[in-house]
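Q: build me a structure from this.
(2 chains)
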Amino acid sequence: GQQLNQSPQSMFIQEGEDVSMNCTSSSIFNTWLWYKQDPGEGPVLLIALYKAGELTSNGRLTAQFGITRKDSFLNISASIPSDVGIYFCAGPTNGGSQGNLIFGKGTKLSVKP
Amino acid sequence: EAGVTQSPTHLIKTRGQQATLRCSPISGHTSVYWYQQALGLGLQFLLWYDEGEERNRGNFPPRFSGRQFPNYSSELNVNALELEDSALYLCASSLGIAGTGETQYFGPGTRLLVL
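A: Here you go, the predicted structure:
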């Protein structure tokens, strides 16, 4: 079945550093979504990508939809302590016909002040 | 606008019991999704309801079931609880089918502990 592989699994960075994480799949996705989950909360959508090659920003966050449709990356610039959390990539199964999203296992980000 | 709400926030049960979890979608959203997030793992899709009908289910045994009410709220029932059912159960809602341009918005989850 379709799977999303996220890397790295975890990151420990200093406040102010830039962060890059990515998500790959052996199958094509038509939509890439990036969510952030704070401890004890549900995931919150950060960025949605709908077109191959698309580059989208949301404040200090930038995400790209890979040309091959099999990957996506998320960058965070000038990290701050509130960036701490787990970042998930997600995409719809089979073009969305089955309704559900597939999630990667997440990248856990820790920021040292 | 109120977001997705879930109740209870925490639930403690013993093996063999039944658990009922509830979800209220964002006003106007007709699709409700249930996911299981076991400790340290990503989200695993459980069930999708739209317009009162079950549209799809993930790779979970039949003791995981649910329904959607006419007001689009939803219930997840887990029968014959097992220890490995301990997890955070997340509900999400969307205007239409997830990934077709319609964003899924998540609730805070219900943390189920099976002893």
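Q: and for A:A48, nearest residue in space, chain neighbours not counted?
A: In space, and not counting its chain neighbours, A:A48 is closest to A:L33: 5.3 Å by Cβ to Cβ, 6 or more residues apart in numbering or on different chains. In this view, the C-beta of every residue, glycine as well, is placed from N, C-alpha and C.
Q: which helix or strand contains that neighbour?
A: Using DSSP states H and E, the element containing A:L33 is strand A:32-37.
Q: just checking, what packs against that strand?
A: strand A:44-49, strand A:61-65, strand A:71-76, strand A:85-92 (3 or more Cβ pairs under 8 Å, 6 or more residues apart in numbering or on different chains; DSSP states H and E).
Q: and that strand with strand A:71-76, angle?
A: 40 degrees (axes from the mean of the first three to the mean of the last three Cα atoms, to 10 degrees).
Q: may I have strand A:32-37 as PDB, with CA atoms only?
A: The C-alpha coordinates for strand A:32-37 follow below in PDB (Å, rounded to 0.1, in the frame of the first residue of the first chain):
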ATOM      1  CA  TRP A  32       0.800  17.000  -0.100                       C
ATOM      2  CA  LEU A  33      -0.100  18.300   3.300                       C
ATOM      3  CA  TRP A  34       2.100  19.300   6.200                       C
ATOM      4  CA  TYR A  35       0.700  19.200   9.800                       C
ATOM      5  CA  LYS A  36       2.100  20.100  13.100                       C
ATOM      6  CA  GLN A  37       1.100  18.400  16.400                       C
END
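Q: quick one: strands adjacent to it?
A: Paired neighbours of strand A:32-37 in the sheet (DSSP bridges): strand A:44-49 (antiparallel), strand A:85-92 (antiparallel).
Q: shaky segments in chain A?
A: Across chain A, the ranges flagged by pLDDT under 70 are A:94-99.
Q: near chain B, which residues of it show up?
A: By the rule Cβ under 8 Å from any Cβ of the partner chain, the part of chain A lying against chain B is A:30-31, A:33, A:35, A:40-45, A:48, A:50, A:88, A:90-93, A:95-106.
Q: and the buried ones among the residues you listed, selectable in PyMOL?
A: Restricted to buried positions by 16 or more other Cβ atoms under 10 Å in any protein chain shown, the PyMOL selection for these reads:
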select buried, chain A and resi 30+31+33+35+42+43+45+48+88+90+91+92+93+96+98+99+100+101+102+103+104+105+106
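Q: list the contacts of the most centrally placed residue in chain B.
A: Note on chain B: the residue nearest the mean C-alpha position is B:W34, at 2.9 Å, using Cα atoms, centre = their mean. Neighbouring residues of B:W34 by Cβ atoms under 8 Å, 6 or more residues apart in numbering or on different chains: B:C23, B:F45, B:L46, B:L47, B:W48, B:G66, B:S74, B:L76, B:Y89, B:L90, B:C91.
Q: I figured A:N30 was touching A:T93, is that so?
A: No - the pair A:N30 / A:T93 is not scored as a contact, 10.5 Å apart, by Cβ atoms under 8 Å.
Q: that concludes my questions; thank you for your assistance.
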